[in-house]
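K.L.:
I'd like to go over a predicted model; first the sequence, then the structure.
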Amino acid sequence: RTHVRQPILRIGWIGTALNLPQLSILRRPLTELHRRHPLVVRLISALHEELIPPLSGMPVELVPWTLQTYAAAMLECDIMVLPVPINAWTITKSPNRLQLAWTLGIPAVFSPLPAYMEMTASFPALRFVATNEEEWLARLEHLVDPDLRNNIGRQARAAVDECHTLESRLPLWANALGIA
């Protein structure tokens, strides 16, 4: 993915429709970012518009998730957001959405889920974690620059290649199974 300066910044989110209300965490940060930089929020999910929280008149694109089209829909995004409230249910979530964004070379701003924090522990330059509205806005504002997004995207893809591919995981499995 090559990031270029566009007249409109596209902020992406992907997930199940039942998690759409989690976007309410971003209402104020996205509203302020939209005031500074024209943007559109792209939601890649099942078509349940009634679950989308109000985003203060901000343009929203609802793109249906399908196995055939989700990656292409993500590739049109400049930044992915992964807002998740931290609770007993969510702390067990996997890092799959962050891995997916990084695989596609897309920078991501995320809540401090344990899986995300573990995944980024060896890659501090890619750790765009946000715990409150001010941090969400600051991290998103930082990533408005397309040159920085390209640099982060390349590093993110390299991190996935280094640690999160089948080839990088096979030795761990072989050792765990005693066949190394």
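P.N.:
On my side now, so go ahead.
K.L.:
what's the end-to-end length of stretch 11-20?
P.N.:
This stretch, stretch 11-20, spans 14 Å end to end (CA to CA, to the nearest Å).
K.L.:
just stretch 2-22 next, same as before
P.N.:
28 Å.
K.L.:
what helix or strand does the closest residue in space to residue 58 that isn't next to it in sequence sit in?
P.N.:
Spatially, and ignoring its direct neighbours in sequence, residue 58 is nearest to residue 34 (5.3 Å; CB to CB, 6 or more residues apart in numbering). In short, each C-beta sits where N, CA and C put it, glycine included. Assigned by DSSP states H and E, residue 34 belongs to helix 27-36.
K.L.:
quick one: mean pLDDT for the following helix or strand past that helix?
P.N.:
Downstream of helix 27-36, the first helix or strand assigned by DSSP H and E is strand 39-45. Per-residue pLDDT values over strand 39-45 give a mean of 96.
K.L.:
follow-up on the earlier one: dump the helix holding residue 34 to CSV, keeping only the CA atoms.
P.N.:
Extracted C-alpha coordinates of helix 27-36, given in CSV (Å, rounded to 0.1, in the frame of the first residue of the first chain):
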residue,chain,number,x,y,z
ARG,A,27,-16.9,10.5,18.3
ARG,A,28,-15.0,13.5,19.7
PRO,A,29,-11.5,12.7,18.4
LEU,A,30,-12.9,12.1,14.9
THR,A,31,-15.1,15.2,15.0
GLU,A,32,-12.0,17.3,15.9
LEU,A,33,-9.8,15.7,13.3
HIS,A,34,-12.6,16.2,10.7
ARG,A,35,-12.6,19.9,11.7
ARG,A,36,-8.8,20.1,10.9
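K.L.:
much appreciated, bye for now.
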